[in-house]
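K.L.:
fold the following and give me the result.
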Amino acid sequence: MSAKIRKIAVTVEETHLEIGRTISPPTRKAVAIAVIENPFAGSYQEDLSDLMEIGAEMGALLGDKCVAALGIQPAEAESYGKSAMVGENGELEHAAAILHPQLGAPLRKAVEKGAALVPSSKKMGSPGQVLDVPLGHKDAAYVRSHFDGIEVRLNDAPRANEIMVAVAVTDSGRPLPRVGGLKSDEAEGKDGLR
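P.N.:
Got it, this is the predicted structure:
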């Protein structure tokens with residue numbers, strides 16, 4: 001099944017100044033959002049494989065859009081995350097079906113590698129509600145400088161029979177990181193942790 005997309009939005013957030021200090025180069029986060037029809041809104045469906053297939057489609061589409069928005073090569077991506085919000089006629093399991101079984105592999109391809117788990121969140125919501133997209137280093141979960149997030153919202157989504165799907169990609173960690181842990185340039189990306 002192919003997603004019925006009503007809308008796509010892509011934004012890039014750049015931090016140039018933090019607590020009076022210049023951030024050079026600026027830290028950058030891109031987030032791509034797709035608002036799609038929920039084919040199972042309003043009814044219980046045991047087999048959610050159609051949503052899982054849509055998840056794979058969203059991982060590739062939104063991951064590629066984030067990398068393009070940052071203007072980087074896929075290998076230059078440093079962290080990623082995913083999130084979904086179902087409208088009132090959906091259920092949280094619909095968001096889980098989009099996010100978990102198949103979205104990760106195409107997203108990892110979009111950012112070249114991605115040994116670490118993709119941080120995720122899901123919720124039920126209504127138009128204009130904020131959706132938080134958690135972020136973590138794409139290859140090593142112990143890189144604390146990349147524990148972060150970005151919030152997104154669209155004034156008209158998700159409607160009752162929709163799902164708002166978001167993927168975020170960064171080219172850096174938080175500005176001015178100083179809580180220790182593994183540094184990004186020390187990450188090996190072999191086990192998803194270090």
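K.L.:
from now on I want contacts and neighbour counts done on CA atoms only, so please keep to that.
P.N.:
Will do.
K.L.:
ok, now which ones touch the residue lying closest to Ile5 once chain neighbours are set aside?
P.N.:
Nearest non-adjacent residue to Ile5, counting by Cα to Cα, 6 or more residues apart in numbering: Ile36, 4.4 Å away. By Cα atoms under 8 Å, 6 or more residues apart in numbering, the contact list for Ile36 reads Ala3, Lys4, Ile5, Arg6, Lys7, Glu162, Ile163, Met164, Val165.
K.L.:
so which helix or strand takes in Ile36?
P.N.:
Here Ile36 is covered by strand 21-37, with elements defined by DSSP states H and E.
K.L.:
now the angle between strand 21-37 and the helix or strand following that strand, please.
P.N.:
Under the assignment DSSP H and E, the closest C-terminal helix or strand after strand 21-37 is helix 49-70. Using axes from the mean of the first three to the mean of the last three Cα atoms, to 10 degrees, the direction of helix 49-70 lies 150 degrees away from that of strand 21-37.
K.L.:
show me what helix 49-70 is packed up against.
P.N.:
strand 5-18, strand 21-37, helix 92-99, helix 104-110, strand 162-170 (3 or more Cα pairs under 8 Å, 6 or more residues apart in numbering; DSSP states H and E).
K.L.:
just these: most buried one?
P.N.:
strand 162-170 (a mean of 30; mean count of other Cα atoms under 10 Å).
K.L.:
which helices and strands sit right next to it?
P.N.:
So strand 162-170, by 3+ Cα pairs under 8 Å, 6+ apart, packs with strand 21-37, helix 49-70, strand 79-86, strand 131-137.
K.L.:
ok, back up a step: any chance of the contacts of Ile36 in TSV, plus pLDDT and distance to Ser49?
P.N.:
Converted to TSV, the contacts of Ile36 look like this (pLDDT from 0 to 100; distance: Cα to Cα, whole Å):
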residue	pLDDT	distance to Ser49
Ala3	96	13
Lys4	98	16
Ile5	98	18
Arg6	98	21
Lys7	98	23
Glu162	98	17
Ile163	98	16
Met164	98	18
Val165	98	17
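K.L.:
ok, now which ones touch Ser83?
P.N.:
Contacts of Ser83 by Cα under 8 Å, 6+ apart are Leu99, Ser120, Ser121, Lys122, Leu131, Asp132, Val133, Pro134, Val165, Ala166, Val167.
K.L.:
ok so, going back, Throw the helices and strands packed on strand 162-170 into CSV and include mean pLDDT, thanks.
P.N.:
As requested, these are exported to CSV (pLDDT from 0 to 100):
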stretch, mean pLDDT
strand 21-37, 97
helix 49-70, 98
strand 79-86, 98
strand 131-137, 98
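K.L.:
compare the ones you listed and give me the one nearest Thr11.
P.N.:
In terms of Cα to Cα, the element of the helices and strands packed on strand 162-170 nearest to Thr11 is strand 21-37, at 5.5 Å.
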